[in-house]
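Asks: Okay, sequence plus prediction incoming.
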Amino acid sequence: MLDDYQDIMTVPEIAEILYIGKNRVYELLESGTIKGFRIGRVWKIPKKALEEYILMQSRLK
């Protein structure tokens with residue numbers, strides 16, 4: 001599923017993968033729920049961080 005994406009992803013890519021809006025992705029990043037970093041005003045999210053978030057969410061349910 002994530003093989004088609006680069007190792008560092010952007011907010012629009014995360015939104016597309018999770019089927020959520022970009023604003024929700026920003027909320028998850030700001031809260032630290034999804035780990036990422038900023039370069040200037042642009043968020044970058046490591047693919048590993050997204051995989052960890054997905055695994056964490058699947059364990060909670």
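Replies: It's in. Numbering: from 1, shown residues only.

Asks: hey, let's count contacts and neighbours off CA atoms from now on
Replies: Noted.

Asks: what's the closest non-adjacent residue to Y53?
Replies: Excluding the flanking residues, the one nearest Y53 by C-alpha to C-alpha, 6 or more residues apart in numbering is I34, at 6.0 Å.

Asks: any idea how far R41 is from the one you found?
Replies: The gap separating I34 from R41 is 17 Å, by C-alpha to C-alpha, to the nearest Å.

Asks: go on, Y26?
Replies: Note on Y26: its distance to R41, by C-alpha to C-alpha, is 12 Å.

Asks: more crowded one of these two?
Replies: Of the pair Y26 and R41, Y26 is the one with more neighbours under other C-alpha atoms under 10 Å, namely 16 against 7.

Asks: tell me which residues in the helix or strand harbouring the more buried one are buried?
Replies: Y26 belongs to helix 22-31 when assigned by DSSP states H and E. Buried residues in helix 22-31, counted by 16 or more other C-alpha atoms under 10 Å: 25-26, 29.

Asks: Can you redo those residues as TSV, where the extra columns are distance to L55?
Replies: Listed next are the buried residues of helix 22-31 as TSV, based on distance: C-alpha to C-alpha, whole Å:
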residue	distance to L55
V25	17
Y26	19
L29	16
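
Asks: With distance to Y19 and pLDDT as added columns, please give the residues you listed in JSON lines.
Replies: Below are the buried residues of helix 22-31 laid out as JSON lines (distance: C-alpha to C-alpha, whole Å; pLDDT from 0 to 100):
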{"residue": "V25", "distance to Y19": "10", "pLDDT": "98"}
{"residue": "Y26", "distance to Y19": "14", "pLDDT": "98"}
{"residue": "L29", "distance to Y19": "16", "pLDDT": "98"}
